[in-house]
Structures are given as structure tokens and as C-alpha cells.
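**Q** Generate a structure from the sequence data that follows.
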Amino acid sequence: MGAYITPSTMRVSRCGIHGFHETLGIDQDEVRFFWVLSSNEEFAAQAAYRIIVSTEPFTSEDVGSSDKSIAWDSGKIQSDKQRDIRCCPETGFKSTCMYYWRVLVWDTYGTCSQSNLNEFFTAYPRSHLLPPYSMNQTYMPHTSLIFRTWFEDQENKWRAVWLGDGGDKPIYLRKSFHLSRKPTKAIALASGLGHFSLHANGGAASNHVLDPGWTNYHRTVQFVGYDLTHRLKLGENVLAAHVGNGFYAGDQGERFFWPMYEDNTYVRYGNELCFFAEVHLFYQDGTHDIVISDPSWRVRKSATSLANIYASENHDRRLYPQGWDAPGFDDGEWAFAKPLTGPRGQLRYQSQPPVVLHEIFKPVRTHSPGPGTVCFDLGQNASTMIKIEVEGDAGSEVIIRYGETTYDDGRILMPDPLFKEFETGVYSKFILGNVPGPQMWEPDFSFTCARYIQVDGVSLEPGQGLPVIRSAIGQHVSTASRRLGKMQTDKEDCNALIKACYWSYASNLFSYHTDCPQIEKFGWLEVTHLLAPATQYIRDVEALYTKILQDILDTQESSGLVPTMAPEIRYMCGPLHDTITWGCALCFLPEILLRYYGTTQMIPTIYQPAIRYMEYMRTKERKGGLIEHGLGDWGRDIAFGNHQANIETAIYYQCLRNLETFARVQSLDSDAQHFKEWAERIYTVYNKHLLVIDDPERPYAYYTSLDQYPIRDRTAVSQAIALQFNLVPQKYRADIMKAFLDDTSDGRIRSGEIGLRYLFNTLADANRPDIVLQMCRQEEHPSYMRFLRRGETTLLEFWQDECRSKSHDMLGTIYEWFYAYVLGIKPTGIAYKTFDISPPYFSEFNEVKGVVDCPYGNISVSFVRSGKEGDIQLQVSVPMSTVATLKLPGDSCNAIVERSGSWRRIKVQGGSVDLKQGIYIIEIPKCSNAL
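**A** From the prediction side, this is the model:
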């Protein structure tokens, strides 16, 4: 086979594998490909594609029909499809093998283009446990029949074993080995629990921190892939690891540890810190060597003696073995590592983006409130790993504290009296070593959220008998997921709110979506689905949400119940454990992945567990189908439940509709009909009990809650929920919108976190940005701008002036409104195949600019209203393979549309206009209904 390549204006600009951020350790026998195209031609389109996967690098001209290196070939497929392309070789993927793949695409003229050569490396797709060691080597060697199968088919099984020193304090491990020839490729597969950092020849193996991702370690343990090709050399090489506690073997010490707060519900997953590694060395002649973790490795205690994930560490620099991870170091006094049983969970590749360091925040203010204390204001609250530089005598103790609030003198304050322990019991201790000059300290295994740093035991100037602090910075720590979007307006208060939303979101995305990075660090599930429609504008969270779904599956109980958090690091009780508005993430996230990323990859995996969850929820029905036992609109009046019947029943209904969709994706027509009928029953019951059409005091229908039954209320949340979940009979939709606007016309927010998203989306549907902005700008709470007027740079947990947590993203659904209504970009088709552009014509905004890198490429919008006449000029870019529907201000308005690089200039009369790929300038003269 060969493909004749001729020049084309169509180019493959990006490729990837669904559900994987990095691809050095894929452990599945099936993957799904996607690619992005670009072209300057308006009508350019993909007409066909072909994907070739090989175990050898190749160009399309190199591939023949009998080429034995070909692992999979889609053949030429007549289709414009670019996402969710399933690759499943008949015999699966080989273990520990590098694969290379290209996509070839043909345009409508038959001209072919090809992508760059892409790579992925497999681990062991059909092996999920490390082999036993400590028992079978001594008592039951591999010749024993009961262990024989463990040692068969070794090429497809893990070889390494878990190592440690048998203790629960941080450790260093190292292995020296010699290379007589340089490998052409060197890939390490490794894991360490709770967290570890991998080193090779004196340096970090990657820019990752806090590897591996948090999981239910009884079910899943993630391993990580590292490319060491350019880090290894001829002669002595050293592979090393630093291992700390994390949540796996959480260490409270004498400090604050949230899972132990109040009722001590945290139970350790394991009591021995452990590590394993395999380094796969590939040579030019096709040979393959492996260096594994085994008892020949050396181990010793770390200079970091406490690694509490809640930002409390102890580090004694006097005990630090300088050069421990480099060749030439004498480890003769180190003990040999002990082989350990290790965790119970199955090994899975860390498919989500790793956690890495991003922006640096330098102090905007430094002062000393008293002798021995120096305080720093970083200017921005954000998830962070603090880094300080201190110079002083060996043995000097420095205490580092961090927080989101301070007393008047700048010292760290916890404003919530219930959590004063966080103020006194969260700190790190750094003991200076006997080395000349400044010494750096930063945490190894912990992070927090902080704007302020307080350092005790130091001075700003020498001569005071204390170490001198030279600098203190914040290092923003978050997911490495790809950044997609940004926007700004001509209203400074709105820009400040957009910025606060961004930092609230970015500070809560790690190996799962936390709700706050300071106090709790838990994976509460409601934020995953409520904030996903906003998050997808600014971050590519496909791989992260794919991993979260695995967390949910690992946490689901035998009854079918899906708890409110995953992983379930701390057991909660009652509605804090069992609430469908949290547990629905199992049914919502696969639909979100389909809607925003065009992937069905997880649907077969979650389908039966989702059915079990719905069967569980069926047992909770009341009055023939209502769900009323959860948290309701959490965050309104904080912990007082409200709107349970409205919110939870609507979520139940949508879960069933999603299951109908999942069944149709899998061509399970009878299942689809079953879920459709089940949902229709809930629809009928919902309207029977909650829709009011016979109130003589009101001239139109409305929805009531059952909070004070039989008293009827008519809240905006009740109307918004019914409208947004399509539960309103068509003949009553106008009435329900009237009822909704009646309760929002005063511009006050009367909603908790669950109702808030649907409140803003309904106001967008009603085209009332004035009410949204009035809500945001209220002088008293609830109010976003009150946060900002008080100097906050992120969102708080509740509508309060002072909260225990000041980087909570759960109230941040206003962010979605800014992108979907103010910037005006809203997907209507799968993965933005079609999308609307609806600029803020009917608003106070005169200038809005922004960009979103959607799954098919960049969408940009520039909206400017200028002059006394209020003429509007738009510039819009539309990526290839998509169609944008530009909404115009009204039926009586004209627009002049000009495509860049084209002679065409057309006049459009009202309504909307469809735009294919390209850059467009649109001029809209002021018309009577435009403002």
C-alpha cells in the first residue's frame, strides 16, 4: 500500500487519544483517536480518513499491505468524522511496546494530507497487579503449582515488586545500574504511595508533583510513565524516588488533618509507604532490557519526617543526603529495601493530566508585625506550594504558616471559630542545615490555598540573632490540562469577577475536582457536573473527567448508591453521603464528555453501574416518583435543605434521559424505550405534585416547592429547574417564565449552589443580562461583587463576608454565563460541530473580546459597540469542520458580512446567518430593537 500525497490547503494541526493526557503507559486494548484540521478555504472539508498504527516509525509511503509492523489499519473510510475513532486490534496491543500512528485525510477534491507521526507506549494491558514476592520467594517458589501461573507469559505481566522500609514515614530509595550501551528509548513506569517524585541521574524525571493521582487505593492505584531517554548515559546511572504519605497513609502528626476532624472517620488505606518501578530500555538492535524495583534497591528515611497533605511538613536540612539521587553517591550505609505486599488496588495508568507548578506569585507587600515574624501578601489567592529562601545558622528552626485571611497585623487568621485548629495546627517546620549561604525550602508532598504567608523565627535584616528570610513566593499548583479560553469586557468589575472565577476554578483542578484546596481537599461530585459547562471553556478536562468516572465506579456501593464524593476519603453520613445531586455525576459526566468532547468511550463502562444507581434511586421514590431525601439547594442558608422535591426529582429525571441516550449510543433500543417510559412517569408525577394551575391569586401557572406543604410558594429556583430540565408542558412555558421573572425582578439572588446555574441560564434564555448584573452587584449578600469590594480575589464557600474557605468554586456558575452569554459562544452540536455566536446586543457591554479553543480549533469573538449611533462591529473566527450560527439583534436589523480573504460581501436581513470556517468581519448598524 502507498498513499500518494499531493499538496492540500487542509492540514492536520493536532492529534490525540481520547481520555489520555500523556501516553507513556497506556494499559488498554482499545483506544479512540481524534484530530483537528485547519484550512483557509471556506468550503474545505474532510471527505475520508485513514489511520495507521505501527510498531515502527513510518511515513505513508513506507507502508505496504504486507508490512508486519502494522498493528492496526482503519483502511480508507469515507467520512467527515474526526473524533471518537475506535482502534481495537484483534489480539490487543503488545505489552511495553512503542506504537506510532498517523492519520491521513482526503478533502472533497481527493487531495491527501497526513499528520505528524504520533506515539504512545503501552504498559501491560492485560495485567493489573504486581507479582507476589516476600512469601513465594521464601516459602512457595515459582515452581510451586499454586504460583505457576504468576510466572507464565512474563512478557505480558509486571515484573517489579513493591518496596519500602516497612514504615510510614517518608523515605528515599535509589538504585545504581550500569549501561554499556546507550538505549534508543528508555521509559520508566512507576508509582509510590501516597505520593512520590521520581529522579534520574541527579534531577527530577519530569515536572510533575504529587504523583500519582488520588484514588480509592483498595480499588485503583495509578502508575505514571516517564521518558528517560535523554536522562540516561553510558556508565553508572541512578534511578531514585522520594516517597511521602498523601491520603494513602495520612500522617496527622500533631497537626490539623481534616479527615480526622470531629469523628475520626478516616481509615488509612495502608500503613507502609511503598514504591515500585520498571525502566524499559530499548536498543538499536531490537533488544529490550528491564531494570525493576527489587530488594537490591537501597532505602533510608527522608529528611522530611512529616508529610501531612494539609500543608504541614517537617524538614531537617541537616539530615538531607546531598547527591542521593545522582551517580557517585555512597549508599553503603543505607539499608536494603524490603519487598512489601503493597496496596490492594489494581494498577491503572495515570490517564488524567498530572499536577504541575504554574504561575509564580511574588509578594506585593512584605512587613514584620513583631520580632521574629515576617508576613507576605502575594496579592492573589490561589492553590500553591510555598517556596522560601532563608539564610542562617544550622539547627535554626523556621515555622511557615499560610492562609487566605489575616488579622489586622498580617498574621494568619482562620475566621471560622469551628476551625481555629486550622489556624494553629497547619504549619511547616524547616530546620536549617550546615551549608553556607541561602537555603531553599518548598514542600515535597503537600499544598494549600493561600494569599498570605507568615514566617516565624526569622527577620528581614541581619544582626537580630535570627535567620534572615531572603524571599517567599507562591507557586501555583494545579492540573496540567490544556488551557483553552480567556475573555475580557469593558466593565472592570466584571473583569475582576471573571478573574476571581478563573482562580477559583484553576485552584480546584488536580487529579480530581476538589471543592476547596485548603481545608477539605475532597472530591465532592456536585461541582464536577455543575461547573463542567463553564470549565470546558477554559480547560480541556476530558481526560480528568474520564478519570473521575473511574473514581466514581470504584466508590459505588453494592446497593448501587453513589456517594457524594469520589474517592471517598472521609465517610459522611445521611444526606451528606446519599444525595442524587452529587451522585448523579455517574450519569451526567458521560453525557458531558459526549456533548463537549464527542467521545462515547466511557458509556459502555458506566452503563450497568448507572442502571444500578437508578434502580437504587427507585427505592427512594415518594408519591409515585418524587425524590426528597437529599441536600436540596445546598448553600442557600447554608445547611438548611430546600427545594428537594424540585431539584432532586429533576436530576433523577435527567439521569433517566441520559440513560436513554447511552442505550441508543449502544444500539440497545429496548433499553432506550424502557428508560424513556421510566422518565415519562417521573415527568408526570413531577407536574402532578409541583405544577400549580389553579391558584386564584395568580393569573398564570407556576411551580411550587413542597418545603412548607400545603403552603404554596413560587420561587425562581422552582421555575428555573423545571424550565432547564424540560419538565414544563409546552402550553405553560410562557407562564413559568413570567413566574420566574416575577421572583427575580428585584435583582436579588435567592439560590444555593445547585439552583444557581439554572437561575443564570434561565435569565440568559430570557435575555435579561441586566438582572444578572444587578444580582452580581448587590451591596449585601448574596452578592459576587461584595466579595470583590472586600478585597477577595477568589470566591468564598458561602454568601458570607468571612468563611473558613475562600477558594471554593461551587458558587462559580456565573462563569458559564459570561462565556455563553456575554462572549456569546454556546455549543449546539456534539463537540462544537455546530455552535451559536450570540453577542451581548441587549446589555450594557460595549466591548467584549475572547477566544475558546474548542475540539475543532479556535473560536474567537470581538464585539465592539461604538459611536453615538451604537453601531456594532464583530470579528468572528470559525474553525474548520464546524458551522457557527451568528444570531443578529432582531428581524429588522441588517448586517454586512465579509469573509477575510474573500471577495464576497453579503447583506443579511435579521434573524441569523450560518458561517463556515474562516475569519469574518460583520457590521451591524444600529436598529430599533438592538438596544
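
**Q** now I611: how far from L626?
**A** Distance of I611 to L626, given as CB to CB, to the nearest Å: 21 Å. To be clear about C-beta, it is placed using only N, CA and C from the backbone, and glycine gets the same treatment.

**Q** Same question for S481.
**A** Going from S481 to L626 by CB to CB gives 38 Å.

**Q** One more: S206?
**A** With CB to CB as the criterion, S206 and L626 are 51 Å apart.

**Q** quick one: the strands in the stretch 801-931 of the chain?
**A** Using DSSP state E, counting those that start in this stretch, the strands of the stretch 801-931 of the chain run over residues 825-827, 834-837, 847-854, 857-866, 871-878, 883-887, 894-899, 905-909, 912-915, 918-924.

**Q** what's the most buried one of those?
**A** Mean neighbour count, computed with mean count of other CB atoms under 10 Å, is highest for strand 825-827 among the strands of the stretch 801-931 of the chain, reaching a mean of 22.

**Q** First-to-last residue distance for stretch 385-400?
**A** Start and end residues of stretch 385-400 are separated by 12 Å (CA to CA, to the nearest Å).

**Q** what's the answer for stretch 897-906, then?
**A** One end of stretch 897-906 sits 5 Å from the other (CA to CA).

**Q** how much distance is there from it to the middle of the chain?
**A** Relative to its chain's centre, stretch 897-906 lies at 40 Å (CA atoms, centre = their mean, to the nearest Å).

**Q** got a list of contacts for stretch 824-837?
**A** Stretch 824-837 is contacted from outside by 83, 537, 594-598, 819-820, 838-840, 848, 850, 852, 854-856, 859, 861, 863, 876, 879, 881-887, 915, using CB atoms under 8 Å, 6 or more residues apart in numbering.

**Q** what does stretch 664-682 give?
**A** With contacts defined as CB under 8 Å, 6+ apart, stretch 664-682 is touched by 594, 600, 603-604, 607, 614, 624-625, 649, 652-653, 656-657, 659-660, 663.

**Q** Just the buried ones out of those residues, please.
**A** The neighbour count (16 or more other CB atoms under 10 Å) marks 594, 600, 603, 607, 614, 625, 649, 652-653, 656-657, 659-660, 663 as buried among those.

**Q** now the farthest one out in this protein, which residue is it?
**A** Of all residues in the chain, P696 has its C-alpha farthest from the mean position, at 49.3 Å, by CA atoms, centre = their mean.

**Q** Assign a three-state SS to that one, would you?
**A** Three-state call for P696 (DSSP: H, G, I helix; E, B strand; the rest coil): coil.

**Q** Helix or strand: which one has P132?
**A** In the assignment (DSSP states H and E), P132 maps to no helix and no strand.

**Q** what pLDDT does the residue lying closest to it once chain neighbours are set aside get?
**A** Once flanking residues are discounted, P132 sits nearest to W150: 6.6 Å by CB to CB, 6 or more residues apart in numbering. W150 is assigned a predicted lDDT (pLDDT) of 73.

**Q** pretty sure W150 is touching L129, no?
**A** No. Taking contacts as CB atoms under 8 Å, W150 lies outside contact range of L129: 9.2 Å.

**Q** helices or strands up against the helix or strand containing N381?
**A** Per DSSP H and E: N381 is located in strand 373-391. Under the contact definition 3 or more CB pairs under 8 Å, 6 or more residues apart in numbering; DSSP states H and E, strand 373-391 sits against strand 355-361, strand 365-370, strand 397-403, strand 428-431, strand 439-441, strand 448-456, strand 468-479, helix 492-506.

**Q** Deepest-packed of those, please.
**A** strand 448-456 (a mean of 25).

**Q** List the beta-bridge partners for A190.
**A** Here A190 sits in beta bridges with V224, A277, as judged by DSSP bridges.

**Q** Break the protein down into its domains, please.
**A** Following automatic domain parsing, the chain resolves into domains at 11-122, 145-352, 357-479, 485-822, 833-924.

**Q** what about the ones you listed, which gets the closest to Y133?
**A** domain 145-352 (4.1 Å; CB to CB).

**Q** Can you measure across the closest one, start residue to end residue?
**A** First-to-last residue span, domain 145-352, CA to CA: 39 Å.

**Q** re earlier: which parts of the strand holding N381 are buried?
**A** By 16+ other CB under 10 Å, the buried positions in strand 373-391 come out as 373-378, 380-391.

**Q** still on that earlier bit, and the contacts of stretch 664-682, which two are furthest apart?
**A** Largest pairwise distance in the contacts of stretch 664-682, by CB to CB, is 33.2 Å, between T600 and G624.

**Q** next one: the helix or strand P604 falls within to chain centre, how far?
**A** Here P604, judged by DSSP H and E, is contained in helix 603-618. Distance, stretch centre to chain centre, for helix 603-618: 23 Å (CA atoms, centre = their mean).

**Q** Which residues outside that helix are in contact with it?
**A** With CB under 8 Å, 6+ apart, helix 603-618 has contacts from 549, 552-553, 556, 559-562, 580, 583, 586-587, 590, 594, 627, 652, 655-656, 658-659, 662-663, 665-666, 678.

**Q** ok, of those residues, which come out buried?
**A** Buried members of the contacts of helix 603-618, scored by 16+ other CB under 10 Å, are 549, 552-553, 556, 560-562, 580, 583, 586-587, 590, 594, 627, 652, 655-656, 658-659, 662-663, 665, 678.

**Q** Show me the residues you listed that map onto strands.
**A** Residues of the buried ones among the contacts of helix 603-618 located in strands (DSSP state E): none.

**Q** Out of the residues you listed, list just those in helices.
**A** 549, 552-553, 580, 583, 586-587, 590, 594, 652, 655-656, 658-659, 662-663, 665, 678 (DSSP state H).

**Q** any weak-confidence spans in this protein?
**A** Applying pLDDT under 70 to the chain flags the ranges 1-8, 63-66, 134-144, 639, 903, 927-931.

**Q** Was I right to think L544 contacts S481?
**A** Yes. Between L544 and S481 there is a contact under CB under 8 Å: 6.0 Å.

**Q** Just give the closest residue to T600, not the sequence neighbours.
**A** Closest to T600 by CB to CB, 6+ apart is V665, at 5.3 Å.
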